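**Student:** structure for the following, please:
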Amino acid sequence: MLDTLIAGLLRGNVYALGAVGISLVFGVMNVVNFAQFSFFGLGAMLAWFLIAQLGWSFWVALLLVAAICGALGLLINVSVVRPLAKYLPLAAMLSTYAVSQILDNLSQIAFTAEFRVFPKVLPTSDFAVGNMRFGTSDLVMLGFTAVVMVVMALFLKFGKVGQAIRATAQDQEAALQMGIPVGLVQHLSFIIASALGGIAGIFIALYVGVANPTSGLSIGMTAFVAATLGGLGSLVGAVLGGFTLGILEAFGIHFFGDTAREIIVFAILIVVLILRPGGLLGKVPLISAEPLTGTFLGKGRPLRIPRWVWIAAFVVGGIVIPLVAGDYVLITGTQVLVYAVIAAGFTVTAGQAGVLALGQAGPIAIGAYTSALLTLYLPVSFWVAVPLAGVAAAILASVLASPIWGVKGHYISIATLGVGTVIVAIIRLVLPQGIYGIPMPSWGDTPLASPVAFYLIDFGVLVVTLVVMWRVRHSHLGRVISSVGSDEVAALASGVRARDYKALAFAISAFFAGVGGSLLAHQYTYIDPTIFTMLMSLLVVTIVIMGGVSLSHGAVVGSLILIGAMELLRFTPELRIIVYGLVLILVVRFRPGGVLVRNS
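**Tutor:** Residues are numbered from 1 along each chain as shown. Prediction:
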């Protein structure tokens with residue numbers, strides 16, 4: 001047990017070091033900074049290059065990486081985050097996600113995507129306790145974390161700038177009235193957080209022994225969970241959350257094995273958020289409206305689309321394209337249509353109920369696996385399996401998410417991310433090898449395996465989805481769900497059971513996510529858990545925001561842009577993701593309500 005405890009402390013130290021920067025930015029700017037994840041990978045690769053390729057010393061590389069990452073953090077805040085954060089928290093968050101994609105792919109272009117053995121600049125296994133071996137590198141990392149926390153605590157308590165940071169974190173408006181230069185404080189916070197992210201990346205690479213440009217996402221998500229566990233905005237909480245998560249994870253792996261790691265991590269997060277909605281040391285959110293989506297609801301009004309446009313779109317999409325397009329266009333079109341179905345259903349949760357659910361990959365995976373298993377092992381046809389997959393996704397996702405609807409603020413979005421991740425992790429645990437030979441649809445004895453057949457099936461499902469979503473939006477049920485998203489306090493005062501309607505909205509979204517997952521499974525004919533990642537969830541979110549968060553037909557526009565138009569750059573994957581990031585930044589900057597919404 002002592003060995004497991006030591007392993008947990010070492011893991012927890014890695015998570016704590018990464019969580020401090022995430023919590024600092026959130027405390028000062030109220031923004032979930034996905035770009036921080038990229039600094040873990042970028043810091044590791046820069047250090048590898050400086051040490052292994054240029055022969056510089058470890059300590060010089062450490063300082064230079066901190067300086068480079070701090071400068072990049074300042075650039076990101078000035079150009080992307082700050083112009084949006086004070087008006088649109090969701091736009092700022094999505095912009096940091098876009099920046100993280102750009103940074104990761106620029107790093108891949110510079111260093112290639114290969115895993116590199118990180119130089120052993122410090123001994124990694126020169127001490128032993130029982131069967132557990134650790135090294136000078138681990139002790140240095142523990143010491144560095146302790147020094148960072150002591151220096152930060154003294155800086156925040158006694159330093160003039162540190163006190164300004166604390167004041168800004170508590171109340172930006174009051175800080176402005178007291179003459180505190182909030183803009184400079186936010187710049188400094190981004191510099192410190194980004195520098196710490198780069199340094200954390202170096203120690204993480206030293207701990208695991210390898211470096212990779214995209215390695216920051218995995219460790220970044222775990223560090224983000226640690227920061228949430230401790231309480232977003234609390235630096236002491238970030239450290240406590242990191243060590244707590246590391247120890248609990250180590251004991252969980254000891255008893256259940258490494259394959260259950262993600263289940264353990266996110267199950268701990270969900271349990272803590274239910275019992276302590278603000279984290280271990282964070283403040284319980286007092287606001288009732290979801291801050292990420294609530295700011296979008298009143299920023300514009302839908303453009304009025306003439307009836308002839310709908311008729312023309314139906315004719316072009318349902319008749320002209322199937323008749324004249326080649327296989328490549330049709331295959332790309334099926335992807336556009338499937339993601340439009342998933343995203344259109346998601347507008348009920350994000351646009352009406354006001355909950356930005358970040359775990360849509362979970363119900364998509366449930367739908368895909370349900371449909372695959374039904375058609376492979378039971379006498380169930382494709383046409384019956386598709387709606388059953390949607391029902392299974394709605395029921396299972398709703399049951400697993402049922403405890404979280406009392407969580408408020410940003411934490412409810414993070415909790416839904418945990419639910420989605422746990423769903424995929426359970427599937428990976430039960431069916432790690434994936435499923436092959438999923439049947440293609442057929443009509444009687446006639447197989448429907450051609451690209452045009454798949455396209456027409458998906459087009460028909462999308463039309464039905466849009467009609468259903470239109471009916472839901474204009475029904476009494478839709479108006480009640482919208483009242484919860486617009487003003488939860490007023491809805492509660494009117495006798496509306498907000499938790500129940502949030503859960504119902506999530507079930508509707510999960511149904512269409514399950515339908516989309518079923519369509520993907522039968523078109524791929526093979527699925528495995530690696531398909532259903534956090535990136536898939538974020539793609540659905542960005543499609544919805546791109547088209548208009550409250551508009552089901554906006555999901556079609558978002559999918560056309562982010563999937564259809566991006567196919568033009570398929571020949572260069574790195575450049576494709578960079579362009580995707582730039583397009584997303586431009587849209588949330590100049591069309592914050594989405595393409596089909598204009599400013600009031």
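**Student:** helices and strands of the chain: which one bottoms out on pLDDT?
**Tutor:** Ranking every helix and strand in the chain by mean pLDDT, DSSP states H and E puts helix 291-297 at the bottom, with a mean of 47.
**Student:** once you drop chain neighbours, what's closest to I414?
**Tutor:** In space, and not counting its chain neighbours, I414 is closest to T228: 5.3 Å by CB to CB, 6 or more residues apart in numbering. C-beta: built from backbone N, CA, C; applies to glycine.
**Student:** quick one: contacts for that neighbour?
**Tutor:** T228 makes contacts with 241, 269, 273, 279, 411, 414, as judged by CB atoms under 8 Å, 6 or more residues apart in numbering.
**Student:** of those - the most surrounded one?
**Tutor:** G241 (32 neighbours; other CB atoms under 10 Å).
**Student:** that one: which element?
**Tutor:** helix 235-256 (DSSP states H and E).
**Student:** I'd like the next helix or strand past that helix.
**Tutor:** Assigned by DSSP H and E, the successor of helix 235-256 is helix 261-275.
**Student:** that older thread, so for the residue nearest to I414, what's the pLDDT?
**Tutor:** T228 is assigned a predicted lDDT (pLDDT) of 84.
**Student:** before we move on, what about I543?
**Tutor:** 88.
**Student:** so it, which of the three states?
**Tutor:** Of the three states, I543 takes helix under DSSP: H, G, I helix; E, B strand; the rest coil.
**Student:** before we move on, back to that, name the helix or strand for the residue nearest to I414, please.
**Tutor:** helix 216-230.
**Student:** that helix to helix 235-256, inter-axis angle?
**Tutor:** Taking axes from the mean of the first three to the mean of the last three CA atoms, to 10 degrees, helix 216-230 and helix 235-256 form an angle of 110 degrees between their directions.
**Student:** report the angle between helix 216-230 and helix 261-275.
**Tutor:** Using the same axes, to 10 degrees: helix 216-230 against helix 261-275 is 30 degrees.
**Student:** distance from the chain centre to stretch 543-555, please.
**Tutor:** 18 Å (CA atoms, centre = their mean, to the nearest Å).
**Student:** just the CA coordinates of that stretch, formatted as PDB?
**Tutor:** Written as PDB, here are the backbone C-alpha positions of stretch 543-555 (Å, rounded to 0.1, in the frame of the first residue of the first chain):
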ATOM      1  CA  ILE A 543     -20.900  23.000 -35.300                       C
ATOM      2  CA  VAL A 544     -23.900  24.200 -33.100                       C
ATOM      3  CA  ILE A 545     -22.200  27.500 -32.200                       C
ATOM      4  CA  MET A 546     -21.100  28.100 -35.800                       C
ATOM      5  CA  GLY A 547     -24.600  27.800 -37.200                       C
ATOM      6  CA  GLY A 548     -26.500  29.400 -34.300                       C
ATOM      7  CA  VAL A 549     -26.900  27.800 -30.900                       C
ATOM      8  CA  SER A 550     -30.600  28.200 -30.700                       C
ATOM      9  CA  LEU A 551     -31.400  27.200 -34.300                       C
ATOM     10  CA  SER A 552     -31.700  23.500 -35.400                       C
ATOM     11  CA  HIS A 553     -31.300  24.400 -39.100                       C
ATOM     12  CA  GLY A 554     -28.200  26.400 -38.100                       C
ATOM     13  CA  ALA A 555     -26.600  23.000 -37.400                       C
END
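**Student:** how about the helices of the stretch 51-200 of the chain, start to end?
**Tutor:** In the stretch 51-200 of the chain, the helices defined using DSSP state H, counting those that start in this stretch lie at 58-76, 82-85, 89-111, 136-158, 160-170, 172-177, 182-208.
**Student:** centre of the chain versus the shortest one, how much separation?
**Tutor:** Looking back up the chat, that one is helix 82-85. For helix 82-85 - counting by CA atoms, centre = their mean - the centre lies 19 Å from the chain centre.
**Student:** alpha carbons of that helix, as CSV, please.
**Tutor:** C-alpha atoms of helix 82-85 as CSV (Å, rounded to 0.1, in the frame of the first residue of the first chain):
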residue,chain,number,x,y,z
ARG,A,82,-9.6,39.2,-23.8
PRO,A,83,-11.7,40.7,-26.7
LEU,A,84,-14.3,38.1,-26.1
ALA,A,85,-14.1,37.1,-22.4
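**Student:** remind me what that helix packs against, helices and strands.
**Tutor:** Applying 3 or more CB pairs under 8 Å, 6 or more residues apart in numbering; DSSP states H and E, we find helix 82-85 packed against helix 89-111, helix 182-208, helix 573-590.
**Student:** try the first one
**Tutor:** Judged by 3+ CB pairs under 8 Å, 6+ apart, the packing partners of helix 58-76 are helix 35-48, helix 89-111, helix 182-208.
**Student:** distance from the chain centre to stretch 252-265, please.
**Tutor:** 22 Å.
**Student:** which parts of it are buried?
**Tutor:** 252-253, 260-265 (16 or more other CB atoms under 10 Å).
**Student:** any stretches of the stretch 151-300 of the chain with poor pLDDT?
**Tutor:** Within the stretch 151-300 of the chain, the ranges that satisfy pLDDT under 70 run 170-171, 282-300.
**Student:** I'd like to know how many residues surround I404.
**Tutor:** Using other CB under 10 Å, I404 is surrounded by 24 other residues.
**Student:** and the helices and strands packed on helix 58-76 as JSON lines, adding distance to Y15 and mean neighbour count?
**Tutor:** Formatted as JSON lines, those follow (distance: least, CB to CB, whole Å; neighbours: other CB atoms under 10 Å):
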{"stretch": "helix 35-48", "distance to Y15": "11", "mean neighbour count": "29"}
{"stretch": "helix 89-111", "distance to Y15": "18", "mean neighbour count": "23"}
{"stretch": "helix 182-208", "distance to Y15": "9", "mean neighbour count": "24"}
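**Student:** just to revisit the earlier point, which one of the buried residues of stretch 252-265 is nearest G460?
**Tutor:** Of all the buried residues of stretch 252-265, the one with the least separation from G460 (CB to CB) is E262, at 36.0 Å.
**Student:** could you double-check that V588 sits in contact with M93?
**Tutor:** No. The pair V588 / M93 is not scored as a contact, 9.3 Å apart, by CB atoms under 8 Å.
**Student:** show me the contacts for W383.
**Tutor:** Here W383 is in contact with P441 (criterion: CB under 8 Å, 6+ apart).
**Student:** which SSE is it in?
**Tutor:** helix 382-401.
**Student:** the following helix or strand past that helix: which residues count as buried?
**Tutor:** Later in the chain than helix 382-401, the nearest helix or strand by DSSP H and E is helix 410-430. By neighbour count on 16+ other CB under 10 Å, the buried set for helix 410-430 is 410-428.
**Student:** and what of stretch 56-70?
**Tutor:** Buried residues in stretch 56-70, counted by 16+ other CB under 10 Å: 58, 61-62, 65-66, 68-70.
**Student:** want to throw the residues you listed into CSV with pLDDT and distance to A521?
**Tutor:** Formatted as CSV, these follow (pLDDT from 0 to 100; distance: CB to CB, whole Å):
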residue, pLDDT, distance to A521
F58, 88, 48
A61, 92, 46
L62, 90, 47
V65, 93, 43
A66, 92, 46
I68, 94, 44
C69, 93, 41
G70, 92, 45
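**Student:** ok, so what distance separates G41 from L477?
**Tutor:** Between G41 and L477 the computed distance is 45 Å (CB to CB, to the nearest Å).
**Student:** actually G418, not the one I typed
**Tutor:** From G418 over to L477 (counting by CB to CB), the distance is 27 Å.
**Student:** give me the phi and psi for the most far-flung residue of the chain relative to its centre.
**Tutor:** Most distant residue from the mean C-alpha position of the chain: D445, 42.5 Å away (CA atoms, centre = their mean). With angles defined as degrees, to the nearest 10, D445 sits at phi -100, psi 0.
**Student:** kindly state the pLDDT recorded for it?
**Tutor:** On pLDDT, D445 comes in at 77.
**Student:** pLDDT below threshold where in the stretch 301-450 of the chain?
**Tutor:** For the stretch 301-450 of the chain, the stretches with pLDDT under 70 are 301-305, 408-410.
**Student:** and stretch 539-548, how far out from the chain's middle?
**Tutor:** With CA atoms, centre = their mean, you get 13 Å for stretch 539-548.
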